[in-house]
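In: Structure for this input, please:
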Amino acid sequence: MSDPATAPTALDLTLLSEPVYRGSVQHLYAVPDHPGFIVCETTPAGSVFDVGSIFSIAGNDLNRAIFRHAMYSRLTQPATWARVQAVLLQSDTLGVTWRDQLMDGALPAMLESGARTHHVGMLDGETGEIVSQGMPKTPSCYNVVRRFPVMKPPQRNVMGNFVFDYAQFHQSGTYVIPLEYIVRFGVTSGSSILRKYEALSDREKRAFELELGLTSPMQAWQMLDRPIYDLTSKYEPEDRAVSKQEALLMSGLSSQHFTDTIKMALLGAWAVKDLLDEIGLQLWDLKWEFAVDGDDLLFVDTIDADSFRATSTVPVDGHSLIIHYNKQAMRDYYRLVCADWYAGINEAKAEAQRTGAPFKLVLKDGQAKGKYPATPEVDAGFLEIQARKTALIKDHVLGAKDAAAIRAGLIETGLAEAEFYRSQGLLDGLLKLNAV
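Out: As a prediction, the model looks like this:
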């Protein structure tokens, strides 16, 4: 495994070859002469519904890279965890037993020396210096991280049923854990967990509430007394919700290490919340990924508006309208403005699940045959509003404007988004989704 002490301190971008991986929202490059590290280049592209890159937000490549560098730098600082500890101690809704468990294990170590992450630093766009703490004089779209093995579970046919084989994760000591950890401070109207809950019988709902630690029935736009978490598969063709028991078996971890990753996910969520609270954004949920390296557990992958859901509220026609400052705004756009395409996506997912074929292949083939609508172009005016949102969050991270000015700017963009839907005759649909 790569030693952080051997990480590169500078890099000439002209020496990078073709990407070793082209993702929907970022590209990965090998680092010359440093095989244990990777350069991550964020792109302005966006992805929703597991479809891949289907829209682009101007400036979002740099904005996302800056947020990622700033947040990972914060995670390594003991002061971040001291602020999280103070919030836990001051809360009167967490419950003493649950809070005591959360403060035992991972938190004491992070209070002493910060959290471990795969993040090395951001590349200065002019000098090529890799800056680990603070922001480069010329921020860039390039971050450098430690490289971890990514193992994808093979799909097996078991008597006509398709399952994924996770045996290899129990045979390795260094890898990216094949799970996404979703932490929820509240439940939004578009939340997958709410859709799952509403489809259950009354008896199943009570069991689900117990599993998630809820103290009352789940409802949209409900802030919780304490955050809850749920887990999904990471390296299957489509994200799949899994029970805690299945997640433990999939992870390849001991029960203690598995518990520690859950605590890290919850504590890390409060660290992000602390940053967003300063500009009046309310954090509803976010997702984390982790890697294991022997006895060490590390925060890995991205952390930006693609991986959290933050909102503010604006007054519209006598309603309090929730505005999303993350890609939930794009999900809502496709649901409301491109309803026929969205219906086709769901049909293709059902077909993929029934046949065992990869979802993207089912969709592409169906679109070619006219079975599903072609992927639509997003309105340029709507994309410009999203670009303004992410630029304001970037300004906050950089300290370019005071918090009050950024809060005002975020509200202004929210009102502009409402007016866009009004111009399309779809404001009632937006209010139905997001008004409280």
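In: count of neighbours near the residue nearest to Tyr72 when sequence neighbours are not counted?
Out: Nearest non-adjacent residue to Tyr72, counting by C-beta to C-beta, 6 or more residues apart in numbering: His119, 3.7 Å away. C-beta coordinates here come from the backbone N, C-alpha and C atoms, glycine included. Using other C-beta atoms under 10 Å, His119 is surrounded by 23 other residues.
In: Please report how far His119 lies from Arg146.
Out: 8 Å (C-beta to C-beta, to the nearest Å).
In: same question, Ala269
Out: 23 Å.
In: cool, Pro44 as well?
Out: 25 Å.
In: cool, and Leu267?
Out: 21 Å.
In: Then Asp295?
Out: 16 Å.
In: So the two - more neighbours on which side?
Out: Between Asp295 and Arg146, counting by other C-beta under 10 Å, Arg146 is the more crowded of the two (22 against 8).
In: Nearest residue to that one in space, please, no chain neighbours.
Out: His118 (4.3 Å).
In: Pretty sure Trp221 sits against Val436.
Out: Yes: proximity of Trp221 to Val436 meets the contact threshold set by C-beta atoms under 8 Å, at 4.8 Å.
In: Now the residue sitting nearest the centre point of the chain: phi and psi?
Out: With distances taken as C-alpha atoms, centre = their mean, Ser307 lies nearest the centre of the chain, 1.6 Å away. Note on Ser307: backbone dihedrals following degrees, to the nearest 10 are phi -120, psi 10.
In: Was I right to think it contacts Leu286?
Out: Yes: using C-beta under 8 Å as the test, Ser307 is close enough to Leu286 to be in contact (5.7 Å).
In: got the buried residues for the lengthiest helix in the chain?
Out: Assignment by DSSP state H gives helix 255-277 as the longest helix of the chain. Residues of helix 255-277 classed as buried: 257-276 (neighbour count, 16 or more other C-beta atoms under 10 Å).
In: next helix or strand past it?
Out: Going down the chain from helix 255-277, the next helix or strand is strand 282-293, by DSSP states H and E.
In: Which elements pack onto that following strand?
Out: strand 174-176, strand 179-187, helix 255-277, strand 296-300, strand 308-316 (3 or more C-beta pairs under 8 Å, 6 or more residues apart in numbering; DSSP states H and E).
In: Turn those into CSV, including distance to Tyr197 and mean pLDDT.
Out: Shown next, in CSV, are those (distance: least, C-beta to C-beta, whole Å; pLDDT from 0 to 100):
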stretch, distance to Tyr197, mean pLDDT
strand 174-176, 29, 96
strand 179-187, 8, 94
helix 255-277, 20, 96
strand 296-300, 29, 96
strand 308-316, 17, 94
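In: any idea how far Phe382 is from Ala374?
Out: 19 Å.
In: which intervals of the protein have sub-threshold pLDDT?
Out: 1-5, 213 (pLDDT under 70).
In: Please consider this matter closed, and thank you.
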